[in-house]
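Q: Sequence and predicted structure below; questions after.
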Amino acid sequence: MRSMKLIGSLSCCMWLMMAMATAAQDSAPVLDTSGQALQSGVDYYIKPAITDNGGRFTLINRNGECPFYAGQENTSGPEGFPVTFAPFAEGETVVRETRDQKIAFSAFTICVSSNAWKVGETQSETQRRLIVLGIDQDEGLPGPAGNYFRINKQADHDGVYNLQWCPTEVCPTCKFICGDVGALVENDKRLLALDGSVLPVVFERA
């Protein structure tokens with residue numbers, strides 16, 4: 001009986017791996033503003049697809065101390081920091097739609113923590129989850145899951161996307177409370193947060 005359960009578990013795992021591999025082949029590449037596929041490890045600026053909706057994504061010193069938060073420049077312009085993408089799928093070099101990716105700012109800070117995005121604490125007034133910089137310490141999941149985001153294409157708008165936290169590739173059997181990435185203004189600072197209006201974005205190679 002125990003051997004049958006083991007065989008069943010192995011079959012389930014193999015099926016999940018095959019399904020994930022098929023999904024990887026079917027997922028379209030994310031395109032930058034010049035129509036080229038995003039590559040892992042390459043610097044890109046993320047900026048709103050709609051004007052008058054803030055500027056490029058950047059580091060935000062929210063409380064005058066570490067860690068920093070992910071956010072936006074208040075206005076459109078050359079300011080802001082680029083990010084790099086690291087796909088969860090081993091050996092993948094192309095950033096693909098609906099696939100789990102680590103996102104990290106390419107910048108030096110006074111903080112000793114990582115510049116990788118992760119789902120952070122809930123903002124008290126809005127009950128929206130903020131995106132903070134650092135490594136997720138949940139050792140009970142592979143990944144770790146809190147550091148993996150995905151890029152979804154906006155319907156009927158080529159080259160326009162939205163970011164989402166829903167790392168089902170990292171943990172296919174987990175039940176996450178997924179959320180789209182949008183802006184949250186706090187003390188005249190534009191923070192990135194989940195659980196609100198989505199912020200359509202484009203990617204510009206640095």
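A: Nice, thanks for sending it over. Numbering: from 1, shown residues only.
Q: quick one: the helices in this structure?
A: Secondary structure of the chain by DSSP state H: the helices cover 2-26.
Q: show me the contacts for the nearest residue to residue 137 once chain neighbours are set aside.
A: In this structure, residue 137 finds its nearest non-sequential neighbour in residue 144, 7.1 Å apart by Cβ to Cβ, 6 or more residues apart in numbering. All C-beta atoms are positioned from the backbone trio N, CA, C, and that covers glycine. Residue 144 makes contacts with 135, 136, 137, 138, 170, as judged by Cβ atoms under 8 Å, 6 or more residues apart in numbering.
Q: Neighbour count and distance to residue 103 added to those residues, as a markdown table?
A: As requested, these are exported to a markdown table (neighbours: other Cβ atoms under 10 Å; distance: Cβ to Cβ, whole Å):
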| residue | neighbour count | distance to residue 103 |
| --- | --- | --- |
| 135 | 13 | 13 |
| 136 | 19 | 13 |
| 137 | 8 | 18 |
| 138 | 14 | 18 |
| 170 | 18 | 14 |
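Q: which two in those are spaced the farthest apart?
A: 137 and 170 (14.8 Å; Cβ to Cβ).
Q: So for the protein, the centremost residue is which one?
A: With distances taken as Cα atoms, centre = their mean, the residue of the chain nearest its centroid is residue 149 (2.8 Å).
Q: Output the below-cut-off pLDDT ranges for this protein.
A: 1-25, 139-143 (pLDDT under 70).
Q: hmm, back to that, ok, the contacts of residue 144 vs residue 118, which is closest?
A: Nearest member of the contacts of residue 144 to residue 118, counting by Cβ to Cβ, is residue 136, at 4.9 Å.
Q: Wait, that closest one touches residue 146, no?
A: Yes: using Cβ atoms under 8 Å, residue 136 makes contact with residue 146 at a distance of 3.2 Å.
Q: Quickly list what's touching both of the two.
A: 118, 119.
Q: outside of stretch 121-139, which residues touch it?
A: So stretch 121-139 is in contact with 59, 67-70, 105, 111, 113-120, 143-147, 165, 179, 181, 184, 186, 191-196, going by Cβ under 8 Å, 6+ apart.
Q: Show me where the chain has its strands.
A: 44-48, 57-60, 69-72, 83-87, 101-105, 117-122, 129-133, 148-153, 161-165, 179-180, 182-186, 189-193, 201-205 (DSSP state E).
Q: To residue 26, which of those lies closest?
A: strand 148-153 (13.3 Å).
Q: Out of the contacts of stretch 121-139, which end up buried?
A: Among these, those classed as buried by 16 or more other Cβ atoms under 10 Å are 59, 67-70, 105, 114-120, 143-147, 165, 179, 181, 184, 186, 191-196.
Q: Residue 197 - how many residues pack around it?
A: Residues near residue 197, counting by other Cβ atoms under 10 Å, number 8.
Q: OK, contacts around it?
A: Neighbours of residue 197 in contact, by Cβ under 8 Å, 6+ apart: 182, 183.
Q: Distance to residue 87 for the contacts of residue 144 - can I get that in JSON lines?
A: Listed next are those as JSON lines, based on distance: Cβ to Cβ, whole Å:
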{"residue": "135", "distance to residue 87": "17"}
{"residue": "136", "distance to residue 87": "17"}
{"residue": "137", "distance to residue 87": "22"}
{"residue": "138", "distance to residue 87": "20"}
{"residue": "170", "distance to residue 87": "11"}
